[in-house]
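Novice: Build me a model from this:
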Amino acid sequence: MSHEGIRIVRGEQVREPDRLPADAVIPLKVRVKKTEGTGVEVDWKDGHHSAWNFVWLRNACPCATCHEAREQDGRLPGEPKRKPATLLALYEVPARPVEATPVGNYALRFKWNDGHESGIYSWEYLRRICQCAVCLPQFKEKMS
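Specialist: The predicted structure is shown next:
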C-alpha cells in the first residue's frame, strides 16, 4: 500500500477553512415546500433569510459525484448541465424531492425524483450557497 501524497501535520499546522460565525449557520426556521414544489426557505439565527428553488438545489448537490462532475464541466453549484444542441429539445421533468429528511441537527437530505439521494446539504453549505441579493455577488466571487 502506497502512502504517496499523504503528509502528517501537527495540530497547530492545520488551518481552519473560512468558518462562518455560529449564528450564521444555525437555522431558526426551515421550510421545505415539497407539496407546493417551490423550494426551501431558511431563516437563520443571525436574522438572514435564504431561499432556493428545488431545481437549483438539485444542480448544487454537494455529494462527491455531483461536485466532481461540476468541476469537470466548469460549472458553479446550481448551474445545470449543458445540453447538447439538438433540433428538438427533449422535455425534462423538473427536479423535485420525493423525500426531505433532517440529518441530525446539521443538515437536510433529499431523495430526488431522478433517484439521486446521496447529497447531504449541511446548514453551513446552504448558507454558503445563499442566492439572496446580498450573498450572490460574494458567492460568485468566491467560486470564480
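Novice: so where do the strands sit in this structure?
Specialist: Per DSSP state E, the chain carries strands over the ranges 27-33, 39-44, 49-53, 97-103, 107-112, 120-122.
Novice: Of all the ones you listed, which one is nearest Pro137?
Specialist: strand 49-53 (14.8 Å; CB to CB). Where you see a C-beta, it was placed from the backbone N, CA and C, and this is true even at glycine.
Novice: How far away from the center of its chain is the closest one?
Specialist: Offset of strand 49-53 from its chain centre (CA atoms, centre = their mean, to the nearest Å): 11 Å.
Novice: just checking, what packs against it?
Specialist: strand 39-44, helix 123-128 (3 or more CB pairs under 8 Å, 6 or more residues apart in numbering; DSSP states H and E).
Novice: Now do stretch 102-113: distance from first to last residue.
Specialist: 18 Å (CA to CA, to the nearest Å).
Novice: what's next to it, contact-wise?
Specialist: 30, 32, 40, 57-58, 93, 95-101, 117, 119-123, 125-126 (CB atoms under 8 Å, 6 or more residues apart in numbering).
Novice: and that stretch, which residues are buried?
Specialist: Within stretch 102-113, the residues scored as buried using 16 or more other CB atoms under 10 Å are Ala107, Leu108, Phe110, Trp112.
Novice: would you list those residues in a markdown table and tack on pLDDT and distance to Ala51?
Specialist: Below are the buried residues of stretch 102-113 laid out as a markdown table (pLDDT from 0 to 100; distance: CB to CB, whole Å):
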| residue | pLDDT | distance to Ala51 |
| --- | --- | --- |
| Ala107 | 97 | 18 |
| Leu108 | 98 | 14 |
| Phe110 | 97 | 16 |
| Trp112 | 97 | 19 |
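Novice: Which members of those residues are the farthest-apart pair?
Specialist: Maximum distance among those (CB to CB): 15.5 Å, for Ala107 and Trp112.
Novice: Please state the offset of the lowest-mean-pLDDT helix or strand in the chain from the chain centre?
Specialist: Every helix and strand of the chain was ranked by mean pLDDT, DSSP states H and E. The lowest is helix 135-143, at a mean of 79. The chain centroid and the centroid of helix 135-143 are separated by 14 Å, computed with CA atoms, centre = their mean.
Novice: What lies in contact with that helix?
Specialist: With CB under 8 Å, 6+ apart as the criterion, helix 135-143 contacts Ser50, Leu76, Pro77, Arg128, Ile129, Cys130, Gln131.
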